[in-house]
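1. Sequence below, structure please.
(one chain, ligands or ions: 2)
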Amino acid sequence: EQTGSDDLLGSLNPGQREAVVTGASHNLVLAGAGTGKTTTIVARIRHLIRQGTAPNRILAITFTRRAAAEIRSRVQTESRAMEGVGAMTFHAWAMREVRANPDVFGYEGWSVLDADDQAQVMRGVLGRGKRVEGLKASQIIDVVSFARNTRVTLADAIRAKFPDQTIDPKAIGAVVRAYEERKKERRYLNYDDLLLIFAARLADPQVAAWVGSHYDEILIDEMQDTNPLQWTIIDPLVPHTRFYCVGDDAQSIYGFRGADFASIHPFSERVPGARVMRLEDNYRSTQEILNLSNWLLSASPLEYGKHLRAVRGSGAKPELHSFETPQDEAGWIAGELRRAHEDGLPWNTHLILVRSNYSGRAIESLLIENDIPYVFFGGTKLLESAHVRDVLSALRVVANPDDEVAWLRLLTLVPRVGDRTAVRAFDALLAAREQGASARDARASALVSMPEWLRAGLDAIEDAANRVDDAVGRAAAMLTPVLATKYRNENWDARQRDLVHVERLAASRRSILEFIEEYLLSPVFTSELTAAPKDDDHVVLSTVHSAKGLEADWAFCAGVSPGAYPSSRALGDADAVEEERRVLYVALTRARDRLCVTRALFHTPVRAWVGGPYAMDVLEDAYFLSTLPEGLVAETVHVPQRAPRPGPPPGLAAPPEIDLGVDLGDLE
Ligand code: ATP
Ligand code: MG
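-> Ligands and ions are numbered 1, 2, ... in the order given. Down below sits the predicted model:
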């Protein structure tokens, strides 16, 4: 046993070892990228279990579902004794607690809505005009969410999000109140509600003591992105369990969700008795890559005080490649990957980082063209694709008969049923429910004018409700004929395969609502499933926001152009510009050996906006790389080769007038 423990700690450096065996009740490891924060969390969990802590008394909170799975698998490599550690996101945790304990939290049989569904409900509230004070449904939803996550009033959130618009907060307030009313009637919750419910009940000291008593230690990775609402979950638990948090203030990139990079600084005041530890040695990258990353932070007016040192020593300089167009840029990246593969490097050596889903599509199409296997993190989410939502709508109406969004989606799948008919059927159903009819009877009376397969299908799903995968299978079977028609020209074969994946995902779930929510809350990406086996060799294409914690031998940071870093949308807002800097910092620090920063200097989408809000020189002045010192990168400018064409021969006579009339010949 003792030797095992030595193995566990043997590979760590003294600072990391100290961080793993710390005896303080609360700990914060505050350290830069690649210094082994996540490694330390994994070692700490294994250490606790070795010391006799039961795995299910340890909870690891991560930012994504993928990171949670990663921690679970790294903890378990050792032995089965390590199984049973809880690893999940904040949302998933709140959802589990709320679902599992209706007596404590008071919510049973409510549906959780994702962003799309919420906008749908909001549009219903907005009515014909679809806007209030110029804001559309999704913008109102966003600002409400921002207010709740940052714990400010709606009025303040509106002023913060739309500083130069004259918006009457009262008008928005009225709409939001009506929307909340509608949610309550239909028994809807959104992600924020789950956190709020959890936090609100934890304010009761008895509940806090009870929840806290389930855990010996709660470990949080990526602590810098914890927002004020999540802090209200942590605060009341501090007296009842230990907290072990790791983070990097310079990697805080979720400000739009309410995270505040500075909130990690007063940690030891907020968590009394906390010990703060720092790690300085970076194990991931070569010194040249870190020099560029260090420079980026040192150019900030904020003092991050980060100076990463490479344990691995010196390597190649980061490369900066400039192209004319994003297509040229994407084409070059694909070419580099192909060449490397021909030289024997596996595809999974590479990570391509993009700013947004949208910019990822351009690269994606070149990967496809070049036959390069890839997965796209941050791409379409499985449960957000239309056909999967269609199938889930059938499950949702069974699980929550008041779910209007799901009913309308389901009913309008029926041939020749339009919005109006669907609303009428739903109203009939509600009326029957109000008179005390059971869900099944209410359905029967509301669906009399609908095809018989629908009522029978829903009854079959209800009968299978405690075998969730079976229920998914029945819903898919019921809807397959209509979906095959609906998606006839849109990849129906691939979509059908997705449905099989959904069925498989549902297999271990206890209830339909739990299943839907768990996957909505920490989305599964289509790519993660369709890419099949985990050890499949492929390139990872990822948005920077989805790349937290990832690393690769080669990293390509694409689209690092003026107007993109910082995004032109951030200009004029110093905090937003700094967040943009941190996004770039996260991107640059993913590379182990080779870092390629690429950019398109002409014809970028940004160029096309110029003449819009900002002139090019403004974007260039703000551009982080415009002050790049000599010598930090190796720069290559890729100018397309064009053979020169001679001009017209000198001394050519002026063009004569050319008669364009038609010679009518005989007709004259
Ligand atoms: P990020 O800030 O990007 O999340 P991190 O601080 O969580 O990074 P890790 O991902 O834990 O860093 O570690 C970065 C890399 O360094 C990993 O490949 C890890 O295996 C390696 N590493 C960490 N500590 C050591 C060590 N003591 N010896 C050798 N390699 C190490
Ligand atoms: Mg990490």
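
2. rest of the way, CA atoms for contacts and neighbours
-> OK.

3. So which residues of the stretch 51-200 of the chain form strands?
-> 58-62, 86-89, 111-113, 131-132, 135-136, 188-190 (DSSP state E, counting those that start in this stretch).

4. How about residues contacting the fifth one?
-> Okay, so that is strand 135-136. For strand 135-136, the surrounding residues in contact (CA atoms under 8 Å, 6 or more residues apart in numbering) are residue 130.

5. got the residues of the stretch 1-150 of the chain near ligand 2?
-> residue 38 (CA under 5 Å from the ion).

6. Next, format the strands of the stretch 51-200 of the chain as a markdown table and append mean neighbour count and mean pLDDT.
-> Shown next, in a markdown table, are the strands of the stretch 51-200 of the chain (neighbours: other CA atoms under 10 Å; pLDDT from 0 to 100):
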| stretch | mean neighbour count | mean pLDDT |
| --- | --- | --- |
| strand 58-62 | 23 | 96 |
| strand 86-89 | 22 | 90 |
| strand 111-113 | 24 | 85 |
| strand 131-132 | 17 | 89 |
| strand 135-136 | 14 | 91 |
| strand 188-190 | 21 | 91 |
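
7. separation between residue 124 and residue 37?
-> In this view, residue 124 and residue 37 are 46 Å apart by CA to CA, to the nearest Å.

8. In terms of neighbours, single out the busier of the two.
-> residue 37 (25 against 15; other CA atoms under 10 Å).

9. What sits closest to that one if chain neighbours are left out?
-> residue 246 (6.0 Å; CA to CA, 6 or more residues apart in numbering).

10. In a helix, the one you found, correct?
-> No - if the criterion is DSSP: H, G, I helix; E, B strand; the rest coil, then residue 246 is strand and not within a helix.

11. Which helix or strand in the chain has the lowest average pLDDT?
-> helix 605-609 (a mean of 44; mean pLDDT, DSSP states H and E).

12. what is the mean pLDDT for the very next helix or strand once past it?
-> Using DSSP states H and E, the helix or strand that follows helix 605-609 in sequence is helix 616-622. Computed over helix 616-622, the mean pLDDT rounds to 80.

13. Return the set of buried residues in helix 616-622.
-> 616, 619, 620, 622 (16 or more other CA atoms under 10 Å).

14. if we take those residues, which one ends up nearest to ligand 1?
-> residue 622 (26.0 Å; CA to the nearest ligand atom).

15. Surely the closest one touches residue 566?
-> Yes - in this structure residue 622 lies within contact range of residue 566 using CA atoms under 8 Å: 7.0 Å.

16. elements contacting the biggest helix by length in the chain?
-> In the chain, with assignment by DSSP state H, the single longest helix is helix 468-486. Other helices and strands packing on helix 468-486, by 3 or more CA pairs under 8 Å, 6 or more residues apart in numbering; DSSP states H and E, are helix 386-399, helix 452-463, helix 492-505.

17. swap the cut-off to 10 Å and go again
-> Helices and strands touching helix 468-486, by 3 or more CA pairs under 10 Å, 6 or more residues apart in numbering; DSSP states H and E, are helix 386-399, helix 452-463, helix 492-505, helix 512-521.

18. Please compute how far the second one lies from its chain's middle.
-> Mean-position distance between helix 452-463 and its chain equals 35 Å (CA atoms, centre = their mean, to the nearest Å).

19. Buried residues, it. List them.
-> 454, 455, 457, 458, 459, 460, 461, 462.

20. I'd like these as a markdown table, with pLDDT and distance to ligand 2 appended.
-> Output for the buried residues of helix 452-463, formatted as a markdown table (pLDDT from 0 to 100; distance: CA to the ion, whole Å):
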| residue | pLDDT | distance to ligand 2 |
| --- | --- | --- |
| 454 | 96 | 48 |
| 455 | 95 | 49 |
| 457 | 96 | 46 |
| 458 | 97 | 45 |
| 459 | 96 | 47 |
| 460 | 95 | 45 |
| 461 | 96 | 42 |
| 462 | 95 | 43 |
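
21. So which of the helices and strands packed on helix 468-486 is nearest residue 150?
-> helix 512-521 (19.2 Å; CA to CA).

22. How far off centre is that closest one?
-> 16 Å.

23. Quick one: work out the angle between that helix and helix 386-399.
-> Note on geometry: by axes from the mean of the first three to the mean of the last three CA atoms, to 10 degrees, helix 512-521 and helix 386-399 are set 150 degrees apart in direction.

24. Report all helices and strands that helix 512-521 contacts.
-> Short answer (3+ CA pairs under 10 Å, 6+ apart): helix 512-521 packs on helix 65-76, helix 90-100, strand 111-113, helix 191-202, helix 386-399, helix 468-486, helix 492-505.

25. can we see that at 8 Å?
-> Using 3+ CA pairs under 8 Å, 6+ apart, helix 512-521 sits against helix 90-100, strand 111-113, helix 386-399.
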